[in-house]
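Chemist: I would like to see how this sequence folds:
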Amino acid sequence: MQLIQGFITIFHPTTLFLIIGGVIGGIVFGAIPGLSAFTALALFLPITFGMEPVNGIAFLISIYVGGLSGGLISAVLLGIPGTPSSIATCFDGYPMAQKGEAGKALGTAIVFSFVGGIFGALVLIYLGPVIAGVALKFGPYEYFAVILFALTTVSGLSAGNINKGLLSCLFGIMMSFVGIDRLSSYTRYTFGIDQLSGGFNLVPLLIGTFAVSQIIETAAKGPSAIQKAPSAKIKGFGISLKEFMGQMKNAIPAAIIGLAIGILPGIGGNASNLMAYAFCKKRSKYPEKFGTGVIDGIVASETANNATIGGALIVLLTLGIPGDNATSMVLAGFQIHSITPGPLLFKTSGALVYALLAAFIIANIVMMVSELIGLPLFAKVLSIPGSYLLPVVIAFCFVGSFSANNRIFDILVMVIFGLIGYVLKRHKFPLAPMVVGFILAPLLEENVRRSLMRTEGRLLPILSSPIALVFYPDDHYDHTFRQE
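Modeler: Residues are numbered from 1 along each chain as shown. Just a heads-up that it's a prediction; the model follows:
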């Protein structure tokens with residue numbers, strides 16, 4: 001009944017206009033490499049000062065939904081993830097586009113983005129407070145186990161050579177150590193370069209690793225590599241009903257993985273899309289086809305990253321804890337209107353909460369409809385000769401890297417990691433584990449150090465936590481630990 005009342009509140013012309021505008025604006029920001037949902041939220045947050053609470057926060061949530069989904073457009077058409085949440089979408093989306101199946105790849109990504117978003121919304125509505133209560137039981141031991149599990153899972157993405165995946169992941173972890181240590185405030189591995197005090201920013205690292213490395217690789221192949229890609233054929237949604245139903249075996253576990261990762265603060269869609277991709281690849285009957293252009297990989301990635309939004313909103317609304325940078329902007333929207341998210345929010349402001357849940361559902365519908373309407377237009381990007389398209393992409397890369405912190409130094413970081421990415425690709429090292437290692441290593445280090453401080457240096461209590469045991473392999477103990 002309360003949800004119905006929430007829909008009635010949302011179906012006001014002004015509110016609907018803001019939701020539609022927020023989603024479309026988020027899609028634009030998400031589709032441009034270097035920009036993201038967080039960038040869009042940071043820019044549009046001041047606009048919500050003069051709005052009604054429902055309108056202002058619904059507008060921010062709509063930007064969040066659009067921004068996270070928008071990354072699929074550049075991931076499929078250019079092989080460049082618009083946001084970190086779309087990294088895994090590149091693996092099969094771009095090869096499909098190169099084979100003339102861009103319409104099918106885009107349609108699949110859009111439809112399953114909607115499926116993941118709606119799944120997250122339904123769980124948020126009916127099980128949010130219960131799941132948030134479980135998340136409260138996670139401490140440093142459990143976070144260490146989850147992040148270690150994520151790193152080892154994603155490292156297995158290297159085709160035929162897990163050692164290269166692990167080495168790539170370790171390289172990303174090593175890069176994350178540059179800068180000021182968050183626990184001790186000591187400066188590490190800066191070699192006297194002041195600009196490195198804050199470490200490497202994720203945006204230029206991501207753009208360099210995926211976009212610049214691909215541009216260098218294309219240029220190295222000569223003029224024949226930058227000709228016009230095959231034209232995209234689009235029919236309906238790009239995916240048949242039979243294919244849609246057949247992909248439920250990938251969509252359901254991917255949605256659960258995305259939701260679970262979203263609930264854990266600090267991890268988010270940056271890792272969930274890759275974990276879901278790795279999981280679906282491992283249990284597939286044809287894992288060797290992943291990375292060559294199969295819709296299974298797109299389904300896993302896009303379902304997971306959009307389900308992550310529901311998970312992040314669960315902990316935001318029920319506990320008042322932002323799960324990532326984007327939800328921290330949504331939290332700021334609550335604070336602007338003097339609303340404190342937390343356990344009592346559903347009792348003190350129930351009408352507002354259910355109106356926002358309705359707005360979340362409407363935003364997912366608007367996202368799917370607007371992207372499907374734009375599907376033919378998106379696919380026409382492939383009709384532009386590469387010799388014209390690549391300079392535009394390079395320009396966006398420079399703008400995106402600079403806009404991260406308004407520093408010229410970040411453009412240099414982008415170029416350096418572009419060269420590193422190119423070398424790694426030449427020697428068959430996967431790039432995704434490196435990026436995930438860079439993203440998750442600070443959380444891994446922080447939690448393992450807090451765990452060791454709590455146990456006074458003993459490993460057994462860390463490894464024997466009941467919840468953490470779920471994420472360790474069966475043989476994680478050895479004789480040394482048993483004798484401790």
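Chemist: Residue 7 contacts residue 360, doesn't it?
Modeler: No: judged on CB atoms under 8 Å, residue 7 makes no contact with residue 360 at a distance of 11.3 Å. Heads up, the C-betas are built off the backbone N, CA and C, glycines and all.
Chemist: how about the helices of the stretch 151-300 of the chain, start to end?
Modeler: Secondary structure of the stretch 151-300 of the chain (DSSP state H, counting those that start in this stretch): helices at 162-176, 202-206, 213-220, 241-246, 248-263, 269-283, 295-319.
Chemist: before we move on, back to that, looking at residue 7 and residue 360, which one has more neighbours?
Modeler: A side-by-side neighbour count of residue 7 and residue 360, using other CB atoms under 10 Å, places residue 360 first with 26 against 15.
Chemist: The residue nearest to that one when sequence neighbours are not counted: neighbour count?
Modeler: Residue nearest to residue 360 in three dimensions, not counting chain neighbours: residue 121, with 5.1 Å by CB to CB, 6 or more residues apart in numbering. Around residue 121 there are 24 other residues, counting by other CB under 10 Å.
Chemist: low pLDDT regions in the stretch 51-200 of the chain?
Modeler: For the stretch 51-200 of the chain, applying pLDDT under 70 flags the ranges 132-136, 156-160.
Chemist: and among the helices of the stretch 151-300 of the chain, the most buried is which?
Modeler: Mean neighbour counts were taken over the helices of the stretch 151-300 of the chain using mean count of other CB atoms under 10 Å, and the top value, a mean of 30, falls to helix 295-319.
Chemist: I'd like to know which elements it is packed against.
Modeler: With contacts taken as 3 or more CB pairs under 8 Å, 6 or more residues apart in numbering; DSSP states H and E, helix 295-319 sits against helix 53-78, helix 87-98, helix 102-135, helix 248-263, helix 269-283, helix 325-336, helix 345-348, helix 350-373.
Chemist: what's the most buried one of these?
Modeler: Most buried among these, given mean count of other CB under 10 Å as the contact rule, is helix 53-78, at a mean of 29.
Chemist: As JSON lines, the helices of the stretch 151-300 of the chain with distance to residue 59 would be great.
Modeler: Written out in JSON lines, the entries for these read as follows (distance: least, CB to CB, whole Å):
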{"stretch": "helix 162-176", "distance to residue 59": "34"}
{"stretch": "helix 202-206", "distance to residue 59": "24"}
{"stretch": "helix 213-220", "distance to residue 59": "34"}
{"stretch": "helix 241-246", "distance to residue 59": "31"}
{"stretch": "helix 248-263", "distance to residue 59": "21"}
{"stretch": "helix 269-283", "distance to residue 59": "20"}
{"stretch": "helix 295-319", "distance to residue 59": "15"}
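Chemist: thinking again about what came up before, just send the helices and strands packed on helix 295-319 back as JSON lines, with distance to residue 145 too.
Modeler: What follows is the helices and strands packed on helix 295-319, written out as JSON lines (distance: least, CB to CB, whole Å):
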{"stretch": "helix 53-78", "distance to residue 145": "26"}
{"stretch": "helix 87-98", "distance to residue 145": "22"}
{"stretch": "helix 102-135", "distance to residue 145": "14"}
{"stretch": "helix 248-263", "distance to residue 145": "13"}
{"stretch": "helix 269-283", "distance to residue 145": "14"}
{"stretch": "helix 325-336", "distance to residue 145": "23"}
{"stretch": "helix 345-348", "distance to residue 145": "30"}
{"stretch": "helix 350-373", "distance to residue 145": "30"}
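Chemist: For residue 175, which of those helices is the nearest?
Modeler: helix 269-283 (15.0 Å; CB to CB).
Chemist: residues touching the nearest residue to residue 89 once chain neighbours are set aside, list them.
Modeler: Nearest non-adjacent residue to residue 89, counting by CB to CB, 6+ apart: residue 75, 4.0 Å away. Residue 75 is in contact with 81, 82, 86, 87, 89, 90, 93, 94, 109, counting by CB atoms under 8 Å, 6 or more residues apart in numbering.
Chemist: of all these, which comes closest to residue 431?
Modeler: Comparing the contacts of residue 75 against residue 431 with CB to CB picks out residue 87 as the nearest, at 8.4 Å.
Chemist: show me where the stretch 351-484 of the chain has helices.
Modeler: In order along the chain, the stretch 351-484 of the chain carries the following helices (DSSP H, counting those that start in this stretch): 375-379, 386-405, 408-426, 432-455, 460-463, 466-469, 479-482.
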